[in-house]
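Undergrad: have a look at this prediction, sequence included:
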Amino acid sequence: IGDEANRIVRVIGVVSDFTERKRIEQELRESRLRMDSIVTSAMDAIISLDDSQRIVLANAAADRMFGYAPDELLGLPLNALLPVRFQQAHPAQVATFGQSGVTSRRMGGLRSLSGVRKNGEEFAIEVSISRIEAVGRRIFTAIMRDVTERDRILDELRESERRFSDMLATVGLASVMLDREGRILFCNDYLLDLTDRRREDVIGCNWFDLFVSQSGEHDAVASAARLAESSSAWLRENEILTRSGAVRQMRWHTVVLRSTDGEPAGWASIGEDITEQKRAELKIHRLNRVYAVLSEINALIVRAHDRDELFREACRIAVDLGQFDLAFIGIRNRVTQRIVPTASAGSDDGLMDSIGEALATDSRAAATLIARAVSGRVPVVSNGVADDPAVVLADRYALAGIRSMAALPLIVGDDAIGVFALYASDAGFFDDDEMRLLSELSGDIA
C-alpha cells in the first residue's frame, strides 16, 4: 500500500499451504512410476489404443512378442498385429466392444485373435481387453499372452490321450478305470466281449456290484484300503461274472489314478483272463494226486497180506493222497448179485449207510451208478450229481457236499466182481485223462 507520494508504506501478502497438494502430486508421480514399472516388467504383452485404434503404449513384452524394436509399435494401427484375414472385420468388432465396454477374453482357436509377428509368422494368443475413459478420451488396453507353446503341449496331451485310449481299446487284455467309489469310468471292448455286456449297461455302474462274484465285498474293501494307503500299484487275482453268471478268473495289474493335486481319485486296471490257465493248473494238480494214489496203491499191492487189508488201505490212500471226500470198495454177492460195501474211508456223516441201504434195496439197487458200472463192466461217471437224474441219492450227496462221483468196476477175467467208487466235492472232477489213470488203478486192484 503506497502513500500520497506513491511510496510503499505497507505490504499485504496471502500465504497458501500446498503441502498436501505436493504430497498428492508426489504420490501420483510415484504411482505412475510403479505402474510404468509393472507395465514395463510384465511378462505378458500390454498395449493401449486410442479411439482411432492406434497404439499409444506398448511394453517391452509386446515388442518381444511381435518382434519389433522398442517404440517401433507406437503409432501403428492395431491391425498391424493381426493376420490379413482378420483385419477387415476387426475394426467393427472393436467398435462393438467400445459401446458395450465388456471385457473380452478369448483363447487360441477359430474365434480367437491370432497374432502376427513383424516377420509374418502367425501365432495363437490369449487376449483380455478393457476400456478406460480418461480426460474425455477413450483408451483400450489389451493384455496378450502367447499361448503357442501351451497349445502345442495341449495338442500333444490330447494326442497322447488319444493314443492311450486307442491302445486300451484295442489291446488284447481287459482294461477298466474306476473312480473312488468304484464306479466304472471306462472299459474296453475286450472286457465287454469277455463278459457279454454292453457299454451303455456298464459305464457309471459300480464295478464290484456288477462284475465281482461272491468275494466282491472283500475285494471292494481291499481295494479301498489300498487307495487309502495311496499304494501306487498292485497285482491281484479275482473272479468276475459274465452276464450269464459264468465265472472268469482274472489277473489284474492296478495303478492308482490321481487328481491334479496328487490325491487318489480312482483306479486303472489291466486284466488278463487266466481261466484256462487255472483250469490247466487244477487239472495237473488233480492228475498228480491220482499218480500219487496209483503209485502208492501199487506199492500196497506188493506188501498187502490179505484182500481186506488191500481194500481198506486202498480207500484210505485215495482219501489221504487223492483228496477224495469218500472212497469205498464193494464186492458183488454171487448169490444175490447185490453190491456189498466191504471197505471205505472218508468222513461221510452217514453217507455210506445211505449208499449201503440203496444197494440193498431191490427197487433202487439196479438204478444206482454202482450197479450200472458192475453190470455194464465199464466205468460210470457223474460230474454233476445234484442235477443228474440218473443219480439215485442226488439229494443225499448234495447234503454231504458231493458234486462228482465215479464208479470203476473191478474186473477179473470177463467178470465184474466188484466196484471201486470215488466221490469228490468239486463239480466236473473226473475228466478223460483222470479216468484213464483211475481205470488203470481199478485194474491193478482187481
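TA: Received the coordinates, thanks. Predicted, not measured: the structure shown is a model, and the values here were computed from it.

Undergrad: buried stuff in the helix or strand where residue 353 lies?
TA: Assigned by DSSP states H and E, residue 353 falls within helix 351-360. For helix 351-360, burial by neighbour count (16 or more other CB atoms under 10 Å) applies to 351, 354-356, 358-359. All C-beta spots, glycine's among them, are computed from the backbone N, C-alpha and C.

Undergrad: ok, now stretch 123-130?
TA: 123-127, 129.

Undergrad: and the strands in the stretch 1-150 of the chain?
TA: Applying DSSP state E, counting those that start in this stretch to the stretch 1-150 of the chain gives strands spanning 45-49, 55-58, 104-106, 115-116, 122-123, 125-134, 137-146.

Undergrad: could you dump those to JSON lines with distance to residue 199 and mean pLDDT?
TA: Putting the strands of the stretch 1-150 of the chain into JSON lines (distance: least, CB to CB, whole Å; pLDDT from 0 to 100) gives the following:
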{"stretch": "strand 45-49", "distance to residue 199": "47", "mean pLDDT": "86"}
{"stretch": "strand 55-58", "distance to residue 199": "54", "mean pLDDT": "87"}
{"stretch": "strand 104-106", "distance to residue 199": "36", "mean pLDDT": "45"}
{"stretch": "strand 115-116", "distance to residue 199": "43", "mean pLDDT": "88"}
{"stretch": "strand 122-123", "distance to residue 199": "40", "mean pLDDT": "89"}
{"stretch": "strand 125-134", "distance to residue 199": "37", "mean pLDDT": "76"}
{"stretch": "strand 137-146", "distance to residue 199": "40", "mean pLDDT": "81"}
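
Undergrad: could I get these as TSV with distance to residue 437?
TA: As requested, those are exported to TSV (distance: least, CB to CB, whole Å):
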stretch	distance to residue 437
strand 45-49	85
strand 55-58	92
strand 104-106	79
strand 115-116	82
strand 122-123	78
strand 125-134	77
strand 137-146	78
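
Undergrad: just the buried positions in stretch 360-369, please.
TA: Result for stretch 360-369 [16+ other CB under 10 Å]: buried residues 365, 368-369.

Undergrad: let me redo that: stretch 260-269
TA: Here stretch 260-269 shows 264-269 as buried, counting by 16+ other CB under 10 Å.

Undergrad: just the residues you listed now: which is nearest residue 202?
TA: residue 269 (14.1 Å; CB to CB).

Undergrad: thought that closest one was touching residue 184?
TA: No. With contact defined as CB atoms under 8 Å, residue 269 does not count as touching residue 184 (10.8 Å).

Undergrad: which residues does the strand or helix carrying residue 398 contact?
TA: Assigned by DSSP H and E, residue 398 belongs to helix 394-400. Residues outside helix 394-400 that contact it (CB atoms under 8 Å, 6 or more residues apart in numbering): 325-326, 348-349, 351, 354, 385-388, 391, 403, 405, 423.

Undergrad: now intersect the residues you listed with the helices, please.
TA: Using DSSP state H, the subset of the contacts of helix 394-400 located in helices is 351, 354.

Undergrad: ok, of the contacts of helix 394-400, which one's closest to residue 333?
TA: Closest to residue 333, out of all of those and judged by CB to CB, is residue 354, at 19.3 Å.

Undergrad: quick check, that closest one in contact with residue 393.
TA: Yes. Contact status for residue 354 versus residue 393: in contact at 5.9 Å, counting by CB under 8 Å.

Undergrad: on that earlier part again, so for the helix holding residue 398, mean pLDDT?
TA: For helix 394-400, mean pLDDT rounds to 88.

Undergrad: ok, now stretch 261-277?
TA: For stretch 261-277, the per-residue pLDDT averages 87.

Undergrad: I figured residue 272 hits residue 173, correct?
TA: Yes. Residue 272 is in contact with residue 173 according to CB under 8 Å; the separation is 5.7 Å.

Undergrad: which SSE is residue 330 in?
TA: Residue 330 belongs to strand 326-332, assigned by DSSP H and E.

Undergrad: tell me the SS of residue 172?
TA: coil (DSSP: H, G, I helix; E, B strand; the rest coil).

Undergrad: so how many other residues sit close to it?
TA: By other CB atoms under 10 Å, the residues close to residue 172 number 8.

Undergrad: residue contacts, the spatially closest residue to it that is not a sequence neighbour?
TA: In this structure, residue 172 finds its nearest non-sequential neighbour in residue 190, 6.5 Å apart by CB to CB, 6 or more residues apart in numbering. By CB under 8 Å, 6+ apart, residue 190 lies in contact with 171-175.

Undergrad: min pLDDT across those residues, which one?
TA: Per-residue pLDDT puts residue 171 lowest of the contacts of residue 190, at 68.

Undergrad: hang on, isn't residue 438 packed against residue 429?
TA: No. Here residue 438 does not reach residue 429: they are 10.7 Å apart, not a contact under CB under 8 Å.
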